[in-house]
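>>> Predicted structure and sequence below. I'll ask about it afterward.
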Amino acid sequence: MSLMTSSTRLTGSDLRLGYPQQVISDALDVRIRDGAFTVIVGPNGCGKSTLLRSLARLLRPLRGEVCLDGKALAHYPAKQLARMLGLLPQSSTAPDGISVFDLVARGRYPHQSLLQQWQRADQQAVEAALTATAIGDLADRPVEALSGGQRQRVWVALALAQETPILLLDEPTTYLDIAHQIELLGLFRRLNREGRTLVAVLHDLNHACRYATHLIVMQAGRIVAEGVPGDIVDAALIEQVFGLPCLIIPDPVTGTPLVIPR
C-alpha cells in the first residue's frame, strides 16, 4: 500500500538501510508529515542519522525507495532536489580561508544558473539567514577562526539560505551551549510555524518533547512509537527504549512531557 497521502510529501517504503556489510534498518516505513516539526529520537546506534541521510539522498537504500511528492529521490536532478530539500549534516568542513558570508552564500547555488547569477533575492536570503542565526557580526570572519558553536550556526545559516520547504537537521544543537540550543530550537519552531517542514535528529528527550509536533522513536533500526509527544511519551516507553527508569511529569512551562531520571 502506498504511503503517499495528502498530508505527506516525503516518504520511505519498505526501506533496508545501511551498508553492504551492515544492515541497520530493514522493512522500515516512514512518512514525514507535511508542515510538521518531526524529531527523531532513540539510543546511540539505533539508525536515526542513517534514516535522515537516506531521506536526504546521501545514502541510497539497499532496498525500497524514498520518495518526494510520489517520485523517487534518485530520479530528481541534483539542483531541483536542492531547491526542495535542505540538509544540515552532522559534521561539515569549510574550504580554507572562506568567510562566513561566502560560505552561507553557497546555499543559494541551487537557485542560480548560467542565465541567472547572483541577484538581490540571493543577497536578502543570505542576510536573513545570518540575522536569524545571530551571526551577522561574523559575516567577514574566516569560518576557521570561529568557535565550534559559532561554526555550527554558520552551517545552520547556510541551510536556511537555501530556502527549501523541507529542512533536514542532523543533531543541529551539537557544540552549542544551553542558551544557544534553546535559541536555535526556537528558531526552528518559528520556521515551522511559518510553514516549513522540519525533520531533526536530537539526543535531548526533553528538547524533543518540547519542540516537536511529531515524534518518531527508534530502537534497533525500527520505529517503535510515533505521534504527538504528549500522546506517546510515558515512563514505560522511555525505559523500554533507553533502559532509563524515570518519571514523566508535565513541563511547568509548556505542559509537554518532561523526563526525570529516577
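That came in fine, so what should we check first?
>>> what does the domain assignment say about the chain?
According to automatic domain parsing, the chain comprises the domains 1-84+165-262, 93-163.
>>> Can I get the ones you listed in a markdown table including mean pLDDT and mean neighbour count?
In short, each C-beta sits where N, CA and C put it, glycine included. Converted to a markdown table, these look like this (pLDDT from 0 to 100; neighbours: other CB atoms under 10 Å):
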| stretch | mean pLDDT | mean neighbour count |
| --- | --- | --- |
| domain 1-84+165-262 | 93 | 17 |
| domain 93-163 | 91 | 17 |
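>>> What segments of the stretch 1-150 of the chain are helices?
All helices of the stretch 1-150 of the chain, identified by DSSP state H, counting those that start in this stretch, fall at 48-55, 78-82, 100-105, 120-132, 148-161.
>>> chain center to the last one, what's the gap?
Chain-centre distance of helix 148-161: 13 Å, with CA atoms, centre = their mean, to the nearest Å.
>>> and the angle for that helix with helix 120-132?
Helix 148-161 and helix 120-132 meet at an angle of 150 degrees, taking axes from the mean of the first three to the mean of the last three CA atoms, to 10 degrees as the criterion.
>>> In CSV, list the C-alpha atoms belonging to helix 148-161.
Provided in CSV are the C-alpha atoms of helix 148-161 (Å, rounded to 0.1, in the frame of the first residue of the first chain):
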residue,chain,number,x,y,z
GLY,A,148,32.6,25.2,17.4
GLY,A,149,29.3,26.8,18.4
GLN,A,150,29.7,29.7,16.0
ARG,A,151,30.6,27.4,13.2
GLN,A,152,27.5,25.3,13.9
ARG,A,153,25.4,28.4,13.5
VAL,A,154,27.1,29.2,10.2
TRP,A,155,26.1,25.8,8.8
VAL,A,156,22.6,26.3,10.0
ALA,A,157,22.6,29.7,8.2
LEU,A,158,23.7,28.0,5.0
ALA,A,159,20.8,25.6,5.2
LEU,A,160,18.4,28.5,5.9
ALA,A,161,19.7,30.5,3.0
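>>> which is the next helix or strand following it?
Helices and strands here follow DSSP states H and E; after helix 148-161, the next one along the chain is strand 166-170.
>>> Against Val104, how distant is Ser13?
Between Ser13 and Val104 the distance is 35 Å, computed by CB to CB, to the nearest Å.
>>> should've said Ser147
Counting by CB to CB, the gap from Ser147 to Val104 is 17 Å.
>>> for His203, same thing?
His203 is 26 Å from Val104, by CB to CB.
>>> Please apply the same query to Thr256.
In terms of CB to CB, Thr256 sits 32 Å off from Val104.
>>> so can I have CSV of the helices of the stretch 1-150 of the chain showing distance to Asp177?
Shown next, in CSV, are those (distance: least, CB to CB, whole Å):
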stretch, distance to Asp177
helix 48-55, 22
helix 78-82, 31
helix 100-105, 19
helix 120-132, 18
helix 148-161, 6
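>>> nearest to Pro172, of those?
helix 148-161 (6.2 Å; CB to CB).
>>> outside of the closest one, which residues touch it?
Residues from elsewhere that reach helix 148-161 (CB atoms under 8 Å, 6 or more residues apart in numbering): 86-89, 92, 94, 100, 103-108, 125-126, 128-130, 132-135, 138, 143, 146, 167, 169, 172-177, 180, 184, 191.
>>> repeat for stretch 230-246
Contacts for stretch 230-246 (CB under 8 Å, 6+ apart): 42-43, 205, 209, 215, 217, 219, 224-226, 247-248, 255-257, 259-262.
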